[in-house]
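>>> Quick one, structure for this:
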Amino acid sequence: MNRFIILGLLLVVQAFHANSSTLTIEDCVSKAETNYPAIRKYALLNTTLEISLSDINKGWLPRIGVYGQVTGQNVVPSFPSALSGIMSQFGQEMKGLGKFQYKVGIDVNQAIWDGGISKARREIARNQNEVETSALDVELYSVRQRVENLYFAILLGNEQISQSTTTLNLLTANLDRLKAMLRNGTAMQSDVDMVEAQALELEQTITQARFAVESYKRGLELFIGESLNEVDLICPDDTLNINNENNRPELQMFEKRISAIRASQELSDVSTMPKIGLFAQSYYGYPGLNYFNSMINREMSFNIIGGVKVSWNIDSFYTKKNSSRKTSANIETINTDRDLFLFNTDIQTTSIKENISGLRSLINNDAKIVALRSNVRKAAESQLENGIIDTTALLSKITDENIAKLNSTYHHIKLVQEIYNLKYTLNQ
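Numbers count the residues shown, from 1 in each chain. From the prediction side, this is the model:
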């Protein structure tokens, strides 16, 4: 029978472990980044860049325009009356151009060299895409800290529940002992009531902690997109392998913004260059390019004209100097923002390192304090049985031991959390 019982217990334990799993803080951060809705923006940004580059490249395709035109004029070119008279004598009537003119045509323009504007626009599109991507990196990076805060809040809540449950068991054991003493006439009812009230208050504390942990779990579940039922969160170790190198995505964003400003300045510079292109015009209408023939017979004709066109807009020279000054001012503003960010990060890093050092000092004494408080509580339990101290003194010693254990746990988890805060601050 004993063998069957042991075998059954082993099967239950094995089934429990099979249905439970573990998650590390790195697992949660990775899952949260993948599940975060903003992650879809990366693909949308790439699609937008492809469309923008395609539109810019289409600037090299021929520009074709179709038009129709009807005009009326009060004055048109005509032959001198003396010449008209001479031509009339030879039987040729000289009507001159008609006052109503009409045509249907096509204009074709083909750029040969745009002075570098297309190249500059492509660089602007790429740099703007990188700026938006880096801003998305910063947004996604902030998810890491929110997930880590929830993770450590759950760890602290679980430890509070565990330590409080241990203390509740201790109170329950002493309550049973007092009830036995009450039956034997060596304790009073008020002593029993005092310990029982303390136990009930501790049960309320445990219940509140459980509600808080469940709330934190629901928040973390929303981030990672998975249920945390039957999942154990692993507390990271307190190893500190961090250097002083700052790898925050905000620094990349500052660099991308500067590159985008310089690309815009490049467009301003190339706008002062001349442009060369081919053109062709073809139309069917009246008058034709042969004005002399159109003056004689006023018939519609087919006409073509083509050539090379050079254009140079010098308006950009007027604002080029101010544009350069504005670019320098904008870059200096971004550099100032970056220096301010680094300054605040250095202050935060220094503060976190001091906290880590202080917590390590506290942890060095925590084990000793817990051991001493435990010895005092055990002695108080013996003294209560012998009638040397009252119940109030025992409850005080139990409370002191509970606080010492909670402080020890809090200091350890807080140390790990500060280490991860430092990792987050430097992106390591």
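
>>> any low-confidence regions in the stretch 51-200 of the chain?
82-85, 87-93 (pLDDT under 70).

>>> Which residue ranges make up each domain of the chain?
Following automatic domain parsing, the chain resolves into domains at 20-61+115-274+316-426, 62-113+275-311.

>>> ranking those domains by burial, who's on top?
Mean neighbours per residue, mean count of other Cβ atoms under 10 Å, is largest over these for domain 20-61+115-274+316-426, with a mean of 16. The C-beta positions use only the backbone N, C-alpha and C, and glycine is treated the same way.

>>> how about residue 411, phi and psi?
Per-residue torsions, residue 411: phi -60, psi -40 (degrees, to the nearest 10).

>>> which residues touch the spatially closest residue to residue 248 that is not a sequence neighbour?
Using Cβ to Cβ, 6 or more residues apart in numbering and skipping the chain neighbours, the partner closest in space to residue 248 is residue 427 (4.8 Å). The contact partners of residue 427, taken as Cβ atoms under 8 Å, 6 or more residues apart in numbering, are 141, 246-249.

>>> Quick check: the two most widely separated of those residues?
For these, the farthest-apart pair by Cβ to Cβ is 141 and 246; their separation is 12.9 Å.

>>> Quick check: which helices or strands does the helix or strand hosting residue 404 pack against?
Using DSSP states H and E, residue 404 falls within helix 391-426. In terms of contacts (3 or more Cβ pairs under 8 Å, 6 or more residues apart in numbering; DSSP states H and E), helix 391-426 is packed against helix 117-183, helix 189-224, helix 315-385.

>>> What's the first helix or strand after the host helix or strand of residue 257?
When elements are assigned from DSSP H and E, residue 257 belongs to helix 249-270. Next along the chain after helix 249-270, taking DSSP H and E as the criterion, comes strand 275-286.

>>> you'd agree residue 289 is up against residue 306?
No - counting by Cβ atoms under 8 Å, residue 289 stays clear of residue 306, with 11.9 Å between them.

>>> then the longest strand seen in the chain to PDB, C-alphas only?
Ordering each strand of the chain by length in residues (DSSP state E) puts strand 100-113 first. These are the backbone C-alpha positions of strand 100-113, laid out as PDB (Å, rounded to 0.1, in the frame of the first residue of the first chain):
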ATOM      1  CA  PHE A 100     -10.200  82.200 -85.100                       C
ATOM      2  CA  GLN A 101      -7.500  79.600 -84.500                       C
ATOM      3  CA  TYR A 102      -7.700  76.000 -83.200                       C
ATOM      4  CA  LYS A 103      -5.400  73.000 -82.700                       C
ATOM      5  CA  VAL A 104      -5.200  69.600 -80.900                       C
ATOM      6  CA  GLY A 105      -1.700  68.600 -79.900                       C
ATOM      7  CA  ILE A 106       0.700  66.600 -77.700                       C
ATOM      8  CA  ASP A 107       3.700  68.000 -75.700                       C
ATOM      9  CA  VAL A 108       6.500  65.700 -74.700                       C
ATOM     10  CA  ASN A 109       9.300  66.600 -72.300                       C
ATOM     11  CA  GLN A 110      12.200  64.300 -71.300                       C
ATOM     12  CA  ALA A 111      14.700  65.300 -68.600                       C
ATOM     13  CA  ILE A 112      18.300  64.600 -69.300                       C
ATOM     14  CA  TRP A 113      19.900  66.100 -66.200                       C
END
